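>>> Just need the structure, nothing else, for what follows:
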Amino acid sequence: MNKITPDKRRLILHDLLEGGSQRACERKHDVSNNTVAKVFRDAGDMAIAKIDEIRDLESRVIQADELYSFVGAKQKNVERMRRPSPDAGTAWCYLAEDAESKFVIDYRIGSRNVYDATEFMRSVSSRLKRDEHGRFAVRPTIVTDGLPAYKEACQIAFGTDADVGMLIKKYSKVDENGELLPGSRYIGADRVPIIGSPRFDLIHTGYIERTNLNVRMDCRRFGRQTNAFSKTLLNHKRHVALWVFYTNFCRIPRCLGITPAMAAGVTDTIWEVQDMLDLTDAFIADRLKAQIGWVNDAAEETLPEGEPTHWVYRSEVHYKATVHEADCFHCKRGEGHSRGAGKHGHWLPFHSEDDALAAAAKLEPDRHNTCNVCMGSYRNAGGYRGPRR
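Alright, predicted model coming up:
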């Protein structure tokens with residue numbers, strides 16, 4: 001497989017971050033869709049991990065809101081899918097933003113229930129700086145829209161350590177659950193204090209609503225009436241994490257003149273897309289070392305005595321993990337066709353099918369399967385009769 005140049009790799013990621021689709025990048029840069037998908041997957045996993053590491057923010061005013069999207073199919077069409085996924089359907093994206101620095105503090109993909117709202121607020125709370133007594137270094141003001149789940153979520157996550165206000169918008173037509181009906185019009189809003197004494201003029205969601213618009217403009221997966229929706233929940237999370245990382249560290253809002261990360265005190269430099277790729281390469285290398293170490297430890301601990309019953313071949317060229325039975329023609333008890341470690345990958349031994357499948361899923365979450373010859377369709381069809389004698 002030919003490797004793309006670093007400059008082309010940077011341009012592909014930049015296009016994805018600025019609203020381009022994977023197919024458009026494939027045509028524009030004359031590369032395969034698998035290449036674009038791999039750049040997206042690796043950078044997305046890095047962004048998820050790095051955003052989880054953000055801590056010790058001193059935010060005085062935080063606005064939170066949720067953004068509608070869906071995975072696989074709209075909720076009304078999930079039952080008609082040929083192979084419905086457990087993650088298919090509506091997927092609300094929670095966002096929390098520092099109103100002063102425009103730094104996107106956190107995100108979460110879930111539903112608009114109390115559980116997801118609470119976990120989201122707990123995550124936001126964990127990113128704020130605390131003193132030696134466990135109190136917030138700066139007492140924050142949390143402002144949300146009128147979603148009822150936020151009331152209990154903020155009480156659980158912040159208690160009385162924050163001022164919480166809610167902007168409850170009123171519409172002309174709503175159903176019994178408060179959802180908007182067709183033809184509904186905005187008719188006003190009420191600013192309601194929920195916890196503490198938030199300033200009346202701070203109870204609004206103007207900044208986070210603008211951020212929601214930026215998400216829809218920059219991420220094609222969030223565009224209304226589009227066929228660019230996410231097919232898997234993991235890729236949906238990757239795109240959101242990439243957008244958050246890029247917006248925080250690389251973009252310069254006109255109202256600030258510096259990046260949100262610089263305004264929030266997270267960094268003191270303006271980042272480039274190449275910096276994101278450098279972080280991605282380091283992250284992937286560290287993750288691979290950890291995965292190989294974990295798999296080897298798991299293989300040794302499953303059954304110290306006896307020969308392995310299954311092997312996993314991880315291709316470093318195709319970024320794919322395949323599970324084989326030990327006596328498979330393609331495996332030959334870890335020797336493979338080349339009677340060695342493998343020309344472009346490694347053989348990893350296991351003493352049970354479940355352990356091998358778990359290891360393959362951990363090594364390559366997006367591309368793992370079983371061998372068609374010894375465990376898959378060929379064997380099930382009766383065409384495989386064991387290794388040649």
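>>> Now the residue nearest in space to the middle of the chain: closest residue in space, sequence neighbours ignored.
The centroid of the chain falls nearest to residue 237 when counting by C-alpha atoms, centre = their mean (2.4 Å). Distances taken as C-beta to C-beta, 6 or more residues apart in numbering put residue 109 closest to residue 237, at 5.5 Å, once the chain neighbours are dropped. For every residue, glycine as well, the C-beta is placed using N, CA and C.
>>> A strand includes that neighbour, no?
Yes. Assessed by DSSP: H, G, I helix; E, B strand; the rest coil, residue 109 belongs to a strand.
>>> surely the residue nearest to the centre of the chain meets residue 48?
Yes. Assessed by C-beta atoms under 8 Å, residue 237 is found in contact with residue 48 at 6.4 Å.
>>> returning to what we had before: may I have the predicted confidence score for the residue nearest to residue 237?
Note on residue 109: pLDDT of 95.
>>> Ok, residue 291 next?
pLDDT recorded at residue 291 is 67.
>>> ditto for residue 31
We have a pLDDT of 92 for residue 31.
>>> In this structure it contacts residue 9, no?
No. Here residue 31 does not reach residue 9: they are 9.3 Å apart, not a contact under C-beta under 8 Å.
>>> The two: who's more crowded?
More crowded of residue 31 and residue 9, by other C-beta atoms under 10 Å: residue 9, with 24 against 17.
>>> Can you classify that one as helix, strand or coil?
Applying three-state DSSP: residue 9 is helix.
>>> Give the closest residue to it in space, chain neighbours not counted.
Spatial nearest neighbour of residue 9, excluding adjacent residues (C-beta to C-beta, 6+ apart): residue 39 at 6.0 Å.
>>> Can you name the element that comes right after the strand or helix carrying that neighbour?
In this structure, residue 39 is located in helix 33-52 according to DSSP states H and E. Following helix 33-52 in sequence order, the next helix or strand is strand 61-67 (DSSP H and E).
>>> Report the strands that pair with that following strand, each with its relative direction.
Based on DSSP bridges, the pairing partners of strand 61-67 within the sheet are strand 92-98 (antiparallel), strand 141-144 (parallel).
>>> Include mean pLDDT when you put these into a markdown table, please.
Shown next, in a markdown table, are the strands paired with strand 61-67 (pLDDT from 0 to 100):
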| stretch | mean pLDDT |
| --- | --- |
| strand 92-98 | 97 |
| strand 141-144 | 97 |
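>>> Which among those strands is found nearest to residue 373?
Ranking the strands paired with strand 61-67 by proximity to residue 373 (C-beta to C-beta) places strand 92-98 first, at 42.0 Å.
>>> unless I'm mixing things up, the residue nearest to residue 237 is touching residue 240, no?
Yes. Contact criterion C-beta under 8 Å: residue 109 and residue 240 qualify, at 6.8 Å.
>>> any shared contact partners between those two?
residue 93 (C-beta atoms under 8 Å, 6 or more residues apart in numbering).
>>> Give me the more crowded residue out of these two.
Each of residue 109 and residue 240 has its neighbours counted (other C-beta under 10 Å); residue 240 has more, 29 against 21.
>>> unless I'm mixing things up, the more buried one is touching residue 106, no?
No. If you go by C-beta under 8 Å, residue 240 and residue 106 don't touch, sitting 10.8 Å apart.
>>> Below-threshold pLDDT in this structure: ranges please.
Scanning the chain for pLDDT under 70 picks out 1-2, 291-306, 317, 333-335, 337-344, 377-389.
>>> What separation do you get for residue 370 and residue 327?
Distance from residue 370 to residue 327, counting by C-beta to C-beta, to the nearest Å: 15 Å.
>>> between those two, which one's more packed in?
Neighbour count, other C-beta under 10 Å: between residue 370 and residue 327, residue 370 has more, with 20 against 12.
>>> So the closest residue to that one other than its chain neighbours: helix, strand or coil?
Spatial nearest neighbour of residue 370, chain neighbours left out: residue 323 (4.7 Å); criterion: C-beta to C-beta, 6+ apart. Secondary structure state of residue 323, per three-state DSSP, is strand.
>>> so what's residue 323 bridging to?
residue 312, residue 370.
>>> Next, count neighbours for it.
A total of 27 residues lie near residue 323 under the criterion other C-beta under 10 Å.
>>> I am assuming it contacts residue 357, so please confirm or correct that.
Yes. The pair residue 323 / residue 357 is scored as a contact, 5.8 Å apart, by C-beta under 8 Å.
>>> what is in contact with those two at once?
368, 370.
>>> Chain neighbours aside, what residue packs nearest to residue 181?
Spatial nearest neighbour of residue 181, chain neighbours left out: residue 173 (4.1 Å); criterion: C-beta to C-beta, 6+ apart.
>>> quick one, what contacts that neighbour?
By C-beta under 8 Å, 6+ apart, the residues touching residue 173 are 180-185.
>>> Surely residue 91 touches residue 73?
No. In this structure residue 91 lies outside contact range of residue 73 using C-beta under 8 Å: 11.2 Å.
>>> Mind checking which of those two has more residues around it?
When neighbours are counted by other C-beta under 10 Å, residue 91 comes out ahead of the other of residue 91 and residue 73, with 23 against 18.
>>> roughly how far apart are the more buried one and residue 35?
According to C-beta to C-beta, residue 91 stands 27 Å off from residue 35.
>>> go on, residue 356?
Distance from residue 356 to residue 35, counting by C-beta to C-beta: 28 Å.
>>> between the two, who's got more neighbours?
Neighbours per residue, other C-beta under 10 Å: of residue 356 and residue 35, the larger number sits with residue 356, 29 against 20.
>>> tell me which element the more buried one is part of?
Here residue 356 is assigned to helix 353-363, by DSSP H and E.
>>> Counting by contacts, list what that helix packs against.
Applying 3 or more C-beta pairs under 8 Å, 6 or more residues apart in numbering; DSSP states H and E, one finds that helix 353-363 contacts helix 273-302, strand 310-315, strand 320-325, strand 345-350, strand 368-370.
>>> So the residue lying closest to residue 63 once chain neighbours are set aside, which state does it fall into?
Closest residue to residue 63 apart from its sequence neighbours, by C-beta to C-beta, 6+ apart: residue 208 at 3.9 Å. Under three-state DSSP, residue 208 falls in the helix class.
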